[in-house]
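1. coords below, sequence missing:
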């Protein structure tokens with residue numbers, strides 16, 4: 001009796017551990033180039049984190065070009081020691097005036113990061129762009145991005161049709177939706193605060209695009225351990241009775 005119960009417990013534990021191993025090794029089929037803002041409120045300053053999680057079919061990344069939506073005039077790229085950065089300017093017709101009354105005749109239409117050495121396929125990197133969001137709550141801003149590699153390129157430029165799930169696209173363009181502006185009197189994050197938050201937002205975005213977070217692994221492991229302990233608690237009275245019978 002005791003031997004049979006022990007075998008049952010061992011079989012149950014093996015099944016649970018095998019299921020846990022499958023879940024732990026599971027990962028998304030592909031990770032996309034993503035854009036994650038620190039703030040989405042209309043007419044607010046934000047820092048966008050562009051995440052590049054892998055190369056092109058195994059080839060290292062040499063350049064990433066990010067197109068800027070027409071609603072955005074000015075962009076300040078953050079320096080990345082491994083890349084050179086340049087801004088592509090486009091004439092504005094008609095020109096616009098900034099909040100100080102100065103006439104602006106050009107806007108940043110594209111930001112290009114060029115690698116000093118190819119970024120290996122199994123490594124990732126991020127770029128940060130500081131800008132002011134337009135006063136267009138509810139509008140989705142799209143940042144079509146072209147990833148050039150040592151061999152070939154991947155154009156992350158596909159935009160979903162109305163009602164279409166972006167996850168159904170093979171190479172979706174990164175983007176996000178502008179939300180309502182903060183109510184009058186509420187705290188409005190400054191550019192300095194955005195910069196401080198950018199690192200945390202970048203990590204969160206990358207966990208979403210590249211795999212399951214460490215917290216998720218811990219929660220999964222705790223759940224498996226709980227199932228094992230629960231199974232042992234159920235079997236314990238039977239094992240105790242078996243020992244009494246054997247005695």
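-> Thanks, I have it. Keep in mind it's a predicted model, so treat the numbers as computed, not measured.

2. which residues of this structure fall in helices?
-> 2-25, 191-210, 214-246 (DSSP state H).

3. mean pLDDT lowest where, among these?
-> Of all the helices of the chain, the minimum mean pLDDT falls on helix 191-210 (a mean of 42).

4. contacting residues around the top strand by length along the chain?
-> Determined from DSSP state E, the single longest strand within the chain is strand 103-119. The contact list for strand 103-119 (CB atoms under 8 Å, 6 or more residues apart in numbering) reads 52, 55, 59-68, 70, 72-75, 77, 80, 82-92, 95-98, 125, 127, 129, 149-150. All C-beta atoms are positioned from the backbone trio N, CA, C, and that covers glycine.

5. what pairs with that strand, parallel or antiparallel?
-> strand 61-67 (antiparallel), strand 83-97 (antiparallel) (DSSP bridges).

6. and the ones you listed: which comes nearest residue 155?
-> strand 61-67 (9.7 Å; CB to CB).

7. now the closest one: mean pLDDT?
-> Rounded mean pLDDT across strand 61-67 is 98.

8. please apply the same query to stretch 144-151.
-> 97.

9. now do stretch 77-92
-> Average pLDDT, stretch 77-92: 97.

10. circling back: most neighbours per residue, which of the strands paired with strand 103-119?
-> Stretch with highest mean neighbour count among those: strand 61-67 (a mean of 21; mean count of other CB atoms under 10 Å).

11. got a list of what residue 92 touches?
-> Applying CB under 8 Å, 6+ apart, we find residue 92 in contact with 73, 104, 105, 106, 107.

12. farthest-separated two in those?
-> Checking the contacts of residue 92 with CB to CB, the most distant pair is 73 and 105, at 10.6 Å.

13. please identify which of those two sits among more neighbours.
-> residue 73 (16 against 11; other CB atoms under 10 Å).

14. surely that one is in contact with residue 97?
-> No - checked against CB atoms under 8 Å, the pair residue 73 and residue 97 is beyond contact range at 10.6 Å.

15. rebuild the strands paired with strand 103-119 as a markdown table, extending it with distance to residue 47.
-> Conversion of the strands paired with strand 103-119 to a markdown table gives the following (distance: least, CB to CB, whole Å):
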| stretch | distance to residue 47 |
| --- | --- |
| strand 61-67 | 14 |
| strand 83-97 | 15 |
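
16. closest one to residue 157 among those?
-> Among the strands paired with strand 103-119, the nearest to residue 157 by CB to CB is strand 61-67 (8.3 Å).

17. residues in contact with the closest one?
-> By CB under 8 Å, 6+ apart, strand 61-67 touches 33, 35, 50, 52, 55, 109-115, 118-119, 121, 125, 127, 129, 143-150.
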